[in-house]
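*Asks:* Sequence and predicted structure, then a few things I'm wondering about:
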Amino acid sequence: MSTAAESSFPHPPPMSTLPELRRALAALGPLGIPTELDHFEAELAETPLDRVPELAERYRSYVLRNSSPDAVAALTMSSADTAAILRRKLAEAQK
């Protein structure tokens, strides 16, 4: 069984064009992360052409933020694992 970190992108996906950005957003789904592709398409349809670069950059940042090994591990961690980490950190802080 693969870990979340092994399921992340080994390096940032290409996102220089709108089709590449769409593919990068869609690739988040198998990682268990919301793709936001529908939101992107809806916003793109309503965005004036001079604002498209800003929109694309926002979604590029979303992909980058959510596809690093650390991000995928954190986003896919079970609630039991999260609770254990919090208990450990609280215990360490009380020492």
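*Replies:* The structure has been received and is ready for your questions.

*Asks:* which stretches of the protein form helices?
*Replies:* Counting by DSSP state H, the chain has helices at residues 4-7, 18-26, 37-46, 52-67, 69-75, 79-94.

*Asks:* Can you redo these as JSON lines, where the extra columns are mean pLDDT?
*Replies:* Formatted as JSON lines, the helices of the chain follow (pLDDT from 0 to 100):
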{"stretch": "helix 4-7", "mean pLDDT": "47"}
{"stretch": "helix 18-26", "mean pLDDT": "96"}
{"stretch": "helix 37-46", "mean pLDDT": "97"}
{"stretch": "helix 52-67", "mean pLDDT": "94"}
{"stretch": "helix 69-75", "mean pLDDT": "74"}
{"stretch": "helix 79-94", "mean pLDDT": "90"}
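
*Asks:* Format the ones you listed as JSON lines; extra columns: mean neighbour count.
*Replies:* No exception for glycine: its C-beta is placed from N, CA and C like everyone else's. JSON lines is the format used below for the helices of the chain (neighbours: other CB atoms under 10 Å):
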{"stretch": "helix 4-7", "mean neighbour count": "15"}
{"stretch": "helix 18-26", "mean neighbour count": "17"}
{"stretch": "helix 37-46", "mean neighbour count": "13"}
{"stretch": "helix 52-67", "mean neighbour count": "16"}
{"stretch": "helix 69-75", "mean neighbour count": "16"}
{"stretch": "helix 79-94", "mean neighbour count": "10"}
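
*Asks:* Residue 75 touches residue 65, doesn't it?
*Replies:* No - using CB atoms under 8 Å, residue 75 is not in contact with residue 65, being 9.9 Å away.

*Asks:* Report the central residue of this structure.
*Replies:* Closest to where the C-alpha atoms of the chain average out (CA atoms, centre = their mean) is residue 66, at 1.9 Å.

*Asks:* out of everything not next to it in sequence, what's closest to it?
*Replies:* Using CB to CB, 6 or more residues apart in numbering and skipping the chain neighbours, the partner closest in space to residue 66 is residue 33 (4.9 Å).

*Asks:* for residue 67, same thing?
*Replies:* Residue 67 sits nearest to residue 9 (CB to CB, 6+ apart), 4.5 Å away.
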